[in-house]
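> coordinates only, no sequence provided:
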């Protein structure tokens, strides 16, 4: 599994959990899920791109 | 005279004297213990059956993913502080943790490619279940519906 897929699965799992825990109406649950999921994935992507400018080693060769 | 008993049916719910809300006839401590032992069981016992099943699927799914990725289950109670915190976090999964550690003998593999993510899934399963324990306790107390 790639990092992207695992990150998305983790975000979906956590968002589903908290939407069920903190909201009682279906509408509220869906809204909170979308907010949390979007935030988690969006922040993850933003941080990933930020780290692009600070590589830990030489760039990988083209395949 | 029919001799049929006319005892009133015992209500499934009791009235919380301080809030007036309806609560399940189960003590808050028992609800918390059940919630810790089996993810979602506390909510299921308190009448929130669909949510209890959903929580069970989510927490156990996270644990299964963590095992599949061979993450660190957290077995050290005497090591570095962060390792202790990880162990305490993973122990939140209750019988899931106990089964993985003492029945299956799973500990994870640092050489596995998904080790870091697996560790995150495993500790998240435990931490989520801690939150379920607190939520079940609050529902049984009548603070939440």
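Sure thing, it's come through. Remember, it's a predicted structure, so these values are computed and weren't measured experimentally. Residues are numbered from 1 along each chain as shown, chains lettered A, B, ... in the order given.

> CA only for contacts and neighbour counts going forward, please
OK.

> buried ones in the helix or strand hosting residue B:36, by neighbour count?
Using DSSP states H and E, residue B:36 maps to helix B:28-37. Going by neighbour count (16 or more other CA atoms under 10 Å in any protein chain shown), the buried part of helix B:28-37 is B:28-29, B:31-37.

> helices or strands up against the helix or strand following that helix?
Once the chain leaves helix B:28-37, the next helix or strand it forms, by DSSP H and E, is helix B:41-45. Helix B:41-45 is packed against helix B:28-37, helix B:49-68, helix B:115-141, with contacts defined by 3 or more CA pairs under 8 Å, 6 or more residues apart in numbering or on different chains; DSSP states H and E.

> and chain B, which residues reach chain A?
Within chain B, the residues that sit near chain A (CA under 8 Å from any CA of the partner chain) are B:51, B:55, B:58, B:62, B:117, B:121, B:128, B:132, B:135.

> distance check, the residue nearest to residue B:29 when sequence neighbours are not counted against residue B:64.
Distances taken as CA to CA, 6 or more residues apart in numbering or on different chains place residue B:137 nearest to residue B:29, at 6.6 Å, with adjacent residues excluded. Look at residue B:137 and residue B:64: by CA to CA, to the nearest Å, they are 26 Å apart.

> same question, residue B:47
26 Å.

> who has more neighbours, these two?
residue B:64 (18 against 15; other CA atoms under 10 Å in any protein chain shown).

> now the angle from the helix holding residue B:36 to helix B:115-141?
Using axes from the mean of the first three to the mean of the last three CA atoms, to 10 degrees, the inter-axis angle of helix B:28-37 relative to helix B:115-141 is 160 degrees.
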